[in-house]
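# my questions are about this predicted structure, shown below with the sequence.
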Number of protein chains: 4
Amino acid sequence: MTALSDLSAHSAEALEAARARVCALHAELTRWNLVTWTSGNISERVPGTDLVVIKPSGVTYEDLTPDSMVVCDLRGERLDGRHAPSSDTDAHAYVYRHMPEVNAVVHTHSTYATAWAARSEPIPCAITAMADEFGDDIPVGPFALIGGDDIGRGIVATLDGHRSPAVLMAKHGVFTVGKDAKAAVKAAVMCEDVARTVHLAREHGPVERLPQEHIDALYDRYQNVYGQREGSDT
Amino acid sequence: MTALSDLSAHSAEALEAARARVCALHAELTRWNLVTWTSGNISERVPGTDLVVIKPSGVTYEDLTPDSMVVCDLRGERLDGRHAPSSDTDAHAYVYRHMPEVNAVVHTHSTYATAWAARSEPIPCAITAMADEFGDDIPVGPFALIGGDDIGRGIVATLDGHRSPAVLMAKHGVFTVGKDAKAAVKAAVMCEDVARTVHLAREHGPVERLPQEHIDALYDRYQNVYGQREGSDT
Amino acid sequence: MTALSDLSAHSAEALEAARARVCALHAELTRWNLVTWTSGNISERVPGTDLVVIKPSGVTYEDLTPDSMVVCDLRGERLDGRHAPSSDTDAHAYVYRHMPEVNAVVHTHSTYATAWAARSEPIPCAITAMADEFGDDIPVGPFALIGGDDIGRGIVATLDGHRSPAVLMAKHGVFTVGKDAKAAVKAAVMCEDVARTVHLAREHGPVERLPQEHIDALYDRYQNVYGQREGSDT
Amino acid sequence: MTALSDLSAHSAEALEAARARVCALHAELTRWNLVTWTSGNISERVPGTDLVVIKPSGVTYEDLTPDSMVVCDLRGERLDGRHAPSSDTDAHAYVYRHMPEVNAVVHTHSTYATAWAARSEPIPCAITAMADEFGDDIPVGPFALIGGDDIGRGIVATLDGHRSPAVLMAKHGVFTVGKDAKAAVKAAVMCEDVARTVHLAREHGPVERLPQEHIDALYDRYQNVYGQREGSDT
């Protein structure tokens, strides 16, 4: 366990950067209308450490500051911060302990995705934007009560080995993962977008899943070709 | 009956604070798209008094100022303010007289909640966010005409002893109650949010109510654990 | 016919006020999401004159200025203004000639109202907010091509003697009328609001019209009691 | 092939103007909610040249500057710009090579239009606003994988000789064309608007196409009479 006072200068700097980054990315959740009142949260593993930066519990989005972010260890215990960490901290911590390639977790109750979750129904991979980002249907995880490891276990059991960075937790909402907080936020934004489009499409007739070969081709291209390859992070 | 000129310095200060608070919270109704044109209103019981601060009738949201808020007694009679009080004042006053634990009332015609109200259909407690905030289905109260005590009586008959701080008044809209104005506004915001999610969920298949034991566990946790416990009000 | 150079000082002042008022109210159409790109328009009869102030054709909302408003006579002929008047000017002018109590007309293709219009289906008076503002179902007028008096004739034939200040023109959109531009804009805003709510309500079951006696009581009260009665215009 | 260093002063100026114009119009895509995260793109043929200005790939909308726009030739090869061009550049370039009257292309995954595309269903010309802008149903193009000329070929095969400036590419999204970038953006905005209205209209009953003669009359009038004819570009 890393105690905060023992952090190297390098790690202390990484921690400050993560606080600022995680705080700022919360504005994307409101901007894309994924959250209501104080619901939703983002966390990120601090690079090179066993620390996690996460949203404080029940604080409104416009009151968030880098300083109000809470620092926890990988068991979800608060190491620093004047606020209690998100009530979903246990779930985030479980994911970090069991999916070492995951460095960020986002949780929302975004409307259309949660509507699929309320029926415990996966979103079929029916449009190219969904193949690009998710590479498959968006799967449904089990119903689990908050508190303890049940939600985290459900996320990991569903996403481990799955292409999709998003899981619909039954009767609850969405969790997404990523290599960093920006990637996990993007997955949350795109999850709601495709959940809405496929929901609407089905209102006037059946919607067919794309053929697997097309999904594979689109996913491979988007993950490996799309965007800037010259030092840009976008 | 407290006459405004007889208020103690302490109560006069509480009144000014309530005017500012109630005025400011009206901005949350527009921000979360719960109201159209001049519809909707918030009131709060002034702590330590028999006074109620309420929105003026038919004034647009951007013209509201603390000074334009109307002060009424518990029968809904205006004691101070240059405007007529909200046309829903009788309903608010009835609630304050009959539910002493309630210190705030919010009324909206928010779209999805009013769609359920138009069918006189309660919203089933089908997702965890709903169990958290409402602890049950959101119930429907009777149809009642505005003016006199009918609406107030319907609200009290439906909410008294019910966990839900929100009631759908048939063919009309939503009333929420709370320990303070912020809590009642939050209930109005969350009511629309869950009304929308469950509405959408049902468009593509049946949506089952959560098992009662899960609702109880979620409600208990959210009311007693969620948020900040260290002097923060959020 | 009043020529602009013959206007009394009083009428010239009324004209300038109308230009400013009509221009400013167009911002309400965008604020409430009733219009897309350059669609939609507002006109007002200048008090004490035979003049009408109306939006220029095909100009984007953010480019509107009081000076860009077009002044027409009651036959829709432009008397002043560097732009061509709205392509709906003939319809507005017809209404002014045949409904002397109407001093303002608003036209939009707002989404939900136009969806009812696309089916040529009136909106049933199923919620109290609708009884308040419209006092009845919102009726459907005939299909009519733009240009000439056909649209105006359809509006007048439908609204003359009807409580509702809004008509759904079949396969087209909404026209509303009012005693002034603010009232007609309010009717357009509320028309979309109730069109959306009743549309959504019907998605999950039948929605019954309110009993006529309740509609009458609500309409009478709202028109005569609601709002400020002490010199306020709201 | 025009090399950028060989551009005449006149063409160099036209290029700078196109960079600024194309960059600014991207703000309309976000303003009208047609795009999510970095999806969507606009390109324009630089007047008097064989150059195309297009959005960089995977850059967020708020980070776009005139300088970040990418300049390509008519085969989609980048001639200037520090970023990679949009991953849809091949499709845009194919359109420019095969439709000489087209000077701008816009691509979005706007929600309602993409819902129709997910079902491979054309949008019937059922409301006057649709007859005005599109003059017909909005057609569906074939499913095509990104990369190479397949998407461009599908767009051209569908739109060439068709009145509609918009095509729904099956399982994918919308492409629109225009005489300039503003016209193509307007078509994208109106495509989503009518896609939404007709989608909603059909939820409560059948929606009939307008009679062909009415479509013809409306289209002819809108294309030739609507808007300002006195040197205004709107």
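Perfect, I can see it now.
# how about the closest residue to chain C within chain A, what does it touch?
Per Cβ to the nearest Cβ, residue A:203 is where chain A lies closest to chain C, at 9.4 Å. No exception for glycine: its C-beta is placed from N, CA and C like everyone else's. Under the criterion of Cβ atoms under 8 Å, 6 or more residues apart in numbering or on different chains, the contact partners of residue A:203 comprise B:203, D:115, D:199, D:203.
# one more time with 10 Å
For residue A:203, the contacting residues are B:203, B:204, C:203, D:115, D:119, D:199, D:200, D:202, D:203, taking Cβ atoms under 10 Å, 6 or more residues apart in numbering or on different chains as the criterion.
# tell me which two of those sit farthest apart.
For those, the farthest-apart pair by Cβ to Cβ is C:203 and D:119; their separation is 18.9 Å.
# still on that earlier bit, and the gap between the residue of chain A closest to chain C and residue D:115?
As for residue A:203, its distance to residue D:115 is 8 Å (criterion: Cβ to Cβ, to the nearest Å).
# got it, and residue A:132?
In this structure, residue A:132 and residue D:115 are 17 Å apart, going by Cβ to Cβ.
# mind checking which of those two has more residues around it?
Under the neighbour definition other Cβ atoms under 10 Å in any protein chain shown, residue A:132 and residue D:115 were set side by side, and residue D:115 has more, 25 against 22.
# contact partners for the more buried one?
With contacts taken as Cβ under 10 Å, 6+ apart, residue D:115 has the following neighbours: A:127, A:196-204, A:207, D:121, D:168, D:195-196, D:199.
# so which strand or helix has it?
Using DSSP states H and E, the secondary-structure element containing residue D:115 is helix D:111-118.
# quick check: residue A:166 touching residue A:175?
Yes - using Cβ atoms under 10 Å as the test, residue A:166 is close enough to residue A:175 to be in contact (7.3 Å).
# shared neighbours of those two, which are they?
Common neighbours of residue A:166 and residue A:175 (Cβ under 10 Å, 6+ apart) are A:106, A:158, A:159, A:184, A:187, A:188, A:191.
# JSON lines for these, including pLDDT and neighbour count?
Putting the shared contacts of residue A:166 and residue A:175 into JSON lines (pLDDT from 0 to 100; neighbours: other Cβ atoms under 10 Å in any protein chain shown) gives the following:
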{"residue": "A:106", "pLDDT": "98", "neighbour count": "32"}
{"residue": "A:158", "pLDDT": "98", "neighbour count": "20"}
{"residue": "A:159", "pLDDT": "98", "neighbour count": "22"}
{"residue": "A:184", "pLDDT": "98", "neighbour count": "26"}
{"residue": "A:187", "pLDDT": "98", "neighbour count": "23"}
{"residue": "A:188", "pLDDT": "98", "neighbour count": "31"}
{"residue": "A:191", "pLDDT": "98", "neighbour count": "30"}
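# in helices only, show me those residues.
With helices defined by DSSP state H, the entries of those inside them are A:158, A:159, A:184, A:187, A:188, A:191.
# tell me the bridge partners for the closest residue to the second one other than its chain neighbours.
Counting by Cβ to Cβ, 6 or more residues apart in numbering or on different chains, residue A:167 is the residue found nearest to residue A:159 once chain neighbours are left out, at 5.3 Å. Under DSSP bridges, the beta-bridge partners of residue A:167 are residue A:175.
# ok, so what distance separates residue A:167 from residue A:81?
Applying Cβ to Cβ, one obtains 27 Å for the distance of residue A:167 from residue A:81.
# tell me the contacts of the residue nearest to residue A:215 when sequence neighbours are not counted?
Leaving aside its chain neighbours, residue A:215 sits nearest to residue A:131 (4.4 Å; criterion: Cβ to Cβ, 6+ apart). Taking Cβ under 10 Å, 6+ apart as the criterion, residue A:131 is in contact with A:125, A:163, A:194, A:209-210, A:212, A:214-222, D:145, D:171-172.
# please apply the same query to residue A:147.
Shown here is residue A:147, whose contacts under the criterion Cβ under 10 Å, 6+ apart are A:87, A:88, A:90, A:91, B:217, B:218, B:221, B:225.
# and the fourth one, what pLDDT?
Looking at residue A:91, its pLDDT stands at 98.
# got the CA coordinates for the host helix or strand of it in CSV?
Counting by DSSP H and E, the secondary-structure element that holds residue A:91 is helix A:89-98. Output of helix A:89-98 as CSV, limited to C-alpha atoms (Å, rounded to 0.1, in the frame of the first residue of the first chain):
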residue,chain,number,x,y,z
THR,A,89,-16.0,3.2,-5.1
ASP,A,90,-16.1,-0.5,-4.2
ALA,A,91,-17.1,-1.4,-7.7
HIS,A,92,-14.4,0.8,-9.3
ALA,A,93,-11.7,-0.7,-7.0
TYR,A,94,-12.8,-4.2,-7.7
VAL,A,95,-12.3,-3.6,-11.4
TYR,A,96,-8.8,-2.1,-10.9
ARG,A,97,-7.8,-5.1,-8.9
HIS,A,98,-9.0,-7.6,-11.4
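# so the closest residue to chain B within chain A: helix, strand or coil?
Using Cβ to the nearest Cβ, the closest approach of chain A to chain B is made by residue A:58 at 3.0 Å. When states are read from DSSP: H, G, I helix; E, B strand; the rest coil, the local structure at residue A:58 comes out as coil.
# run through the strands of chain A in chain order.
A:41-45, A:52-54, A:70-72, A:78-80, A:104-108, A:140-141, A:166-169, A:173-178 (DSSP state E).
# burial measure for the nearest residue to residue A:30 once chain neighbours are set aside, as a count.
Counting by Cβ to Cβ, 6+ apart, the nearest residue to residue A:30 once its immediate chain neighbours are dropped is residue A:61, at 5.0 Å. Around residue A:61 sit 16 other residues, with neighbours defined as other Cβ under 10 Å.
# hmm, residue A:25 and residue A:61 touching each other?
No - under the contact definition of Cβ under 10 Å, residue A:61 does not touch residue A:25, with a separation of 11.2 Å.
# mutual contacts of the two, please.
Listed contacts common to residue A:61 and residue A:25 are residue A:55; contacts here mean Cβ under 10 Å, 6+ apart.
# quick one: end-to-end distance for stretch A:104-117.
For stretch A:104-117, the first-to-last residue distance is 21 Å (Cα to Cα, to the nearest Å).
# got it, and stretch A:57-73?
With Cα to Cα as the measure, stretch A:57-73 spans 16 Å from end to end.
# for that stretch, buried residues please.
Buried residues in stretch A:57-73, defined by neighbour count with 16 or more other Cβ atoms under 10 Å in any protein chain shown: A:57, A:58, A:59, A:61, A:64, A:69, A:70, A:71, A:72, A:73.
# hang on, residue A:102 packs against residue A:96?
Yes - checked against Cβ under 10 Å, the pair residue A:102 and residue A:96 is within contact range at 6.6 Å.
# common neighbours of these two, please.
Counting by Cβ under 10 Å, 6+ apart, the common neighbours of residue A:102 and residue A:96 are A:45, A:177.
# for stretch A:170-179, give the mean pLDDT please.
Taken as a whole, stretch A:170-179 carries a mean pLDDT of 98.
# can you show me the CA trace of it as PDB?
Presented in PDB, the C-alpha positions along stretch A:170-179 are these (Å, rounded to 0.1, in the frame of the first residue of the first chain):
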ATOM      1  CA  ALA A 170     -29.200  -5.000 -15.000                       C
ATOM      2  CA  LYS A 171     -31.900  -2.700 -13.500                       C
ATOM      3  CA  HIS A 172     -29.200  -0.200 -12.700                       C
ATOM      4  CA  GLY A 173     -27.100   1.700 -15.400                       C
ATOM      5  CA  VAL A 174     -23.900   1.700 -17.300                       C
ATOM      6  CA  PHE A 175     -20.200   1.100 -16.400                       C
ATOM      7  CA  THR A 176     -17.500   1.700 -18.900                       C
ATOM      8  CA  VAL A 177     -13.800   1.100 -18.800                       C
ATOM      9  CA  GLY A 178     -10.800   2.400 -20.600                       C
ATOM     10  CA  LYS A 179      -7.000   2.800 -20.900                       C
END
